[in-house]
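# Sequence first, predicted coordinates after that:
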Amino acid sequence: MASALDMPPDQLRNLQQVRRKSLSLNHRVGKGEDTELMDLLEDGDTQSPEAQMSETMLRQEIWDVLGDVLTEREKDIISLRYGLTSSKPCTLEEVGAYLICPVNGYARFKAKLCGNFVVPKLLSD
């Protein structure tokens, strides 16, 4: 088996022993064994509380600004497209299907929307 894997037999034996010594995520670790192994592993899909709060505040600020400029339908379009009310942005096709409007209608809306906002120009040296 070691020759098929192109590794020394000693290394293969070590790997097999490690495999046998697998631990449960509920295994207690630490000096007083007061911590579970699961508590030490990071969940890559979960945001930290600070990041969640920051994202929530940013969404609210964006929503407040858009509320002063856009109609209800326009707010719905932007909200769906950029995921302001959910964590998942929608594609143009999904927005069109949800609001029963053609995709090219979104392009016209986007052009109109961009005319509502003034983007400051940066001064060059």
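Sure thing, it's come through. Numbers count the residues shown, from 1 in each chain.
# what about the strands in the chain?
Along the chain, the stretches classed as strands by DSSP state E are 28-29, 35-36.
# Mean neighbour count, the ones you listed: which tops it?
Ranked by mean neighbour count under mean count of other Cβ atoms under 10 Å, the strands of the chain are led by strand 35-36, which reaches a mean of 14. Using the backbone N, CA and C atoms, a C-beta is placed for each residue, glycine as well.
# in its sheet, what does it sit against?
According to DSSP bridges, the neighbouring strands of strand 35-36, each with its direction, are strand 28-29 (antiparallel).
# I'd like the strands of the chain laid out as JSON lines, including mean pLDDT and distance to residue 57.
What follows is those, written out as JSON lines (pLDDT from 0 to 100; distance: least, Cβ to Cβ, whole Å):
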{"stretch": "strand 28-29", "mean pLDDT": "79", "distance to residue 57": "36"}
{"stretch": "strand 35-36", "mean pLDDT": "82", "distance to residue 57": "32"}
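# Mind putting those into JSON lines with distance to residue 93?
Listed next are those as JSON lines, based on distance: least, Cβ to Cβ, whole Å:
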{"stretch": "strand 28-29", "distance to residue 93": "49"}
{"stretch": "strand 35-36", "distance to residue 93": "45"}
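# count of neighbours near residue 66?
17 (other Cβ atoms under 10 Å).
# Can you verify my assumption that it contacts residue 75?
Yes - applying Cβ atoms under 8 Å, one finds residue 66 in contact with residue 75, separated by 5.7 Å.
# pretty sure residue 89 is in contact with residue 83, am I right?
Yes - here residue 89 reaches residue 83: they are 3.7 Å apart, a contact under Cβ under 8 Å.
# Grab the CA positions of stretch 2-18 and hand them over as CSV.
The C-alpha trace of stretch 2-18 is given here as CSV (Å, rounded to 0.1, in the frame of the first residue of the first chain):
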residue,chain,number,x,y,z
ALA,A,2,2.9,2.4,0.8
SER,A,3,4.5,1.8,-2.6
ALA,A,4,1.1,2.5,-4.3
LEU,A,5,0.9,5.8,-2.4
ASP,A,6,4.6,6.6,-3.0
MET,A,7,5.5,7.0,0.6
PRO,A,8,7.7,5.3,3.2
PRO,A,9,6.0,2.5,5.2
ASP,A,10,6.7,4.3,8.5
GLN,A,11,4.8,7.3,7.4
LEU,A,12,1.8,5.2,6.3
ARG,A,13,1.8,3.4,9.7
ASN,A,14,1.8,6.8,11.4
LEU,A,15,-1.1,8.0,9.3
GLN,A,16,-3.1,4.8,10.0
GLN,A,17,-2.5,5.3,13.8
VAL,A,18,-3.6,8.9,13.6
